[in-house]
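Trainee: what follows is a predicted protein model with its sequence.
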Amino acid sequence: MLNSANNNSLQHPVANSSENTMNGYNRKSPQKRRYEMPKYAVPPKKKTCKERIPQPKNTVAMLNELRNGLIYKLESQTGPVHAPLFTISVEVDGQKYMGQGRSKKVARIEAAATALRSFIQFKDGAVLSPLKPSGNLDFTSDEHLENGIENIANGKLVDYIQMMILMLTEKKPNLTSLETSKLPLQMFCMSQNRDKFKNVSKSAITVDGQKKVPDKGPVMLLYELFNDVNFECINIDSAQNNCRFKMTVTINEKKFDGTGPSKKLAKNAAAKAALASLCNISYSPMVVPQKNVPLPIDDKSSSMELPQIHADAIGRLVLEKFMEVIKGQEAYSRRKVLAGIVMTENMNFFEAKVISVSTGTKCVSGEHISVNGAVLNDSHAEIVSRRCLLKFLYAQLDLQCNQATAYQSIFVRNTDGQYPYKLKSGVHFHLYINTAPCGDARIFSPHENDTGVDKHPNRKARGQLRTKIESGEGTIPVKSSDGIQTWDGVLQGQRLLTMSCSDKIARWNIVGIQGSLLSSIIEPVYLHSIVLGSLLHPEHMYRAVCGRIEKSIQGLPPPYHLNKPRLALVTSAEPRNQAKAPNFGINWTIGDVELEVVNSLTGRTIGGQVSRITKQAFFDKYGFLMKNLPGILNRSVTTDYGQTKANVKDYQTAKLELFSAFKREDLGSWLKKPIEQDEFVLIE
């Protein structure tokens, strides 16, 4: 009895516990229970008819719109019970079409697809290719993508993808049967797998339909879009471009490369390249203008962005050419800044030509300046590449001197203008720099992740003209008291100052890249795009190269105008080189047998010779053209170099207007070199 009582007493708490939890919650104090609310205090609202998402039509619905009263018949069922294979037929216009699938629904969709494929012709004559033979085709699989795309013109593929994205993001849910017939059938049926592509499409387009950087990482997005994705990592030792890893991704037998200082960054770069090429998805900071400080829109395009696939092609071509020309002289491969210019005709990058390649980060020392134009004052890579382009332009005009070679030139006779020659239609030049140009474009974005909105856009330092320092790196703002530098002051130890690369590029976007001498022969030539390898901040870059004077520039003599080049960042961004910059730079121009190495501090070659891209060399070429080029009225060059340039009135007017625009914006005065350095004449 005692034991029984004890047992009852021991079991009592347990019984109470069971009783407490019987109603689904533990017994608690009134104070705590007071705050417990039901899981659903208010029943969720039911979606109204307006909120219902219209579902895209499958192939059966499409076929029924075109042919009424169709009857689908089950022809057979084969295979084991756990994996049956159904065969369904449909008769259209007296012709029977078959379809197979794991379910009757899939087989019916397949039969309708086969029927549609037989009589629907797509835009531009493209037709759906036959399906690959398979027992259980699944229209929602990625494998089906290539079934209907391989025979469609490449130029229309992006249009199809964009239409598909619009449909998936509910921008245009009520597509008519005529509109849907323009889509490849497999891409239309891809919408059946809505969950897979919904997030991808929303990350590729903003609410107002403008492209933006996807929310997901490039590798994750690539795996979501494609099944057959294979990455392969190759370790490389490349002092030239400071990359330790190279990653190759293969998708449907197509290869895309990416490089970076780590495997992760190299993998991301390869994925970005693949997405840009296959899906027109870009991770460039230029894709979306920053809020409240939108990039301006010019008359030709709604964006300042150069397509990512074009930017990658430009960067790759320049790097490959550098590796090619440096062979045999690897001792001069060390560099911090690499630049090059690529020429295209009708934006055909398959036949693009690298015009110039250069390296360098220093300027000439004041004690080495020349009175006969025999030294390079500025050996920064982008400035040297532009001088190499001048050498190329002179060579192209040389072809016009001989009637037998005139057709090979990129210039044509200008019969209806004040200039004897002009560029052929469709010829474009693209500048590549592996980092942001020194000066206003770089100083406010020293780190790769500084791509947010400028927090202090109205500070006086923004947009200021800046100068390089002789024999050193970096820039300083010009002083309001600075005027023309004097020859004796420089020789007595005053530092020789040179305008920053950002300022010089801004100048090119007003007066052109052809220089003052050639401006008496050809129409102004402008850069079509500028591609950077790193440190692209959209706002700072745009302001530096053209934005800071766009409101104040006025009165330019036509055809001079404010040029707004397209901007882009390559997917394989180049890491910062922490090594000390060398005192030499290299230059190569298309047609050169070998590269030229210049001592940046002396402005001469390492052998002490006069460089092939100096003022002296170009003045000699100009004198030859004036004597031999057809269509030149005044063939005598009787003045010195400086006065000959001053005689090109329209160019000088445009240049003075540029200087005035900077002054009106209170951005400083353009600093000029001593006039004595231009007082040399042609050598007979």
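Mentor: Yes, it's here. Numbering: from 1, shown residues only.

Trainee: helix, strand or coil for Leu431?
Mentor: Of the three states, Leu431 takes strand under DSSP: H, G, I helix; E, B strand; the rest coil.

Trainee: run through the residues that contact the closest residue to it other than its chain neighbours.
Mentor: For Leu431, ignoring the flanking residues on the chain, the nearest one in space by CB to CB, 6 or more residues apart in numbering is Ile530 at 4.9 Å. Placement of C-beta: from N, CA and C, glycine included. By CB atoms under 8 Å, 6 or more residues apart in numbering, Ile530 lies in contact with His430, Leu431, Tyr432, Ile433, Ile505, Met541, Val545, Pro565, Arg566, Leu567, Ala568.

Trainee: closest to Asn634 among those residues?
Mentor: Distance ranking of the contacts of Ile530 against Asn634, using CB to CB, places Ile505 first at 31.6 Å.

Trainee: number of nearby residues for that closest one?
Mentor: 26 (other CB atoms under 10 Å).

Trainee: please tell me how far the nearest residue to Lys551 once chain neighbours are set aside sits from His456.
Mentor: Nearest non-adjacent residue to Lys551, counting by CB to CB, 6+ apart: Glu665, 7.8 Å away. Going from Glu665 to His456 by CB to CB, to the nearest Å gives 17 Å.

Trainee: likewise for Gly217?
Mentor: 31 Å.

Trainee: look at the two and report which has more neighbours.
Mentor: Gly217 (14 against 9).

Trainee: residue contacts, that one?
Mentor: Asn268, Ala271.

Trainee: contact partners of stretch 646-664?
Mentor: Stretch 646-664 is contacted by residues 465, 506-507, 510-511, 516-517, 519-520, 548-549, 552-557, 560, 639, 645, 668-670 when judged by CB under 8 Å, 6+ apart.

Trainee: low pLDDT regions in the stretch 201-350 of the chain?
Mentor: Counting by pLDDT under 70, the stretch 201-350 of the chain shows low-confidence ranges at 201-212, 237-243, 288-303.

Trainee: no wait, the stretch 451-600 of the chain
Mentor: In the stretch 451-600 of the chain (pLDDT under 70), the answer is 451-453, 458, 480-483.

Trainee: secondary structure class for the residue nearest to Leu431?
Mentor: What three-state DSSP gives for Ile530 is strand.

Trainee: outline the domain layout of the chain.
Mentor: 63-114, 218-279, 308-446+461-665 (the TED database).

Trainee: how long is the first one from one end to the other?
Mentor: By that I understand domain 63-114. Terminal residues of domain 63-114 lie 10 Å apart, using CA to CA, to the nearest Å.

Trainee: mean confidence score for the helix or strand harbouring Gly623?
Mentor: Assigned by DSSP states H and E, Gly623 falls within helix 615-628. Mean per-residue pLDDT for helix 615-628: 95.

Trainee: how about that helix: buried residues?
Mentor: By 16 or more other CB atoms under 10 Å, the buried positions in helix 615-628 come out as Lys615, Gln616, Ala617, Phe618, Phe619, Lys621, Tyr622, Gly623, Phe624, Leu625, Met626.

Trainee: kindly state the beta-bridge partners for the residue nearest to Leu431.
Mentor: Leu431, Leu567 (DSSP bridges).

Trainee: look up how far Ile314 lies from it.
Mentor: Going from Ile530 to Ile314 by CB to CB gives 10 Å.

Trainee: if we can go back for a sec, so what does the helix holding Gly623 touch, helix or strand wise?
Mentor: helix 381-399, helix 515-518, helix 641-646 (3 or more CB pairs under 8 Å, 6 or more residues apart in numbering; DSSP states H and E).

Trainee: format those helices as a markdown table; extra columns: mean neighbour count and distance to Val106.
Mentor: As requested, the helices and strands packed on helix 615-628 are exported to a markdown table (neighbours: other CB atoms under 10 Å; distance: least, CB to CB, whole Å):
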| stretch | mean neighbour count | distance to Val106 |
| --- | --- | --- |
| helix 381-399 | 23 | 58 |
| helix 515-518 | 23 | 67 |
| helix 641-646 | 18 | 75 |
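
Trainee: JSON lines for these, including distance to Lys424?
Mentor: Converted to JSON lines, those look like this (distance: least, CB to CB, whole Å):
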{"stretch": "helix 381-399", "distance to Lys424": "10"}
{"stretch": "helix 515-518", "distance to Lys424": "16"}
{"stretch": "helix 641-646", "distance to Lys424": "26"}
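
Trainee: so which of those helices gets nearest Trp487?
Mentor: helix 641-646 (12.9 Å).

Trainee: list the contacts for the closest residue to Gln616 other than its chain neighbours?
Mentor: Nearest residue to Gln616, sequence neighbours excluded (CB to CB, 6+ apart): Gly373, at 3.9 Å. By CB under 8 Å, 6+ apart, the contact list for Gly373 reads Thr614, Lys615, Gln616, Phe619, Tyr641, Gln677, Asp678, Phe680.

Trainee: check contacts around the first one.
Mentor: When contacts are counted by CB under 8 Å, 6+ apart, Thr614 touches Gly373, Ala374, Val375, Leu376, Gly603.

Trainee: the third one too?
Mentor: Contact partners of Gln616, counting by CB under 8 Å, 6+ apart, are Asn372, Gly373, Ala374, Val610, Phe680.

Trainee: the residues you listed, buried ones only, as a ChimeraX selection?
Mentor: Here is the ChimeraX command that selects the buried residues among the contacts of Gln616 (16+ other CB under 10 Å):
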select :372,373,374,610,680
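
Trainee: do a quick rundown of the helices in the stretch 501-650 of the chain.
Mentor: 501-511, 515-518, 538-545, 615-628, 641-646, 649-664 (DSSP state H, counting those that start in this stretch).
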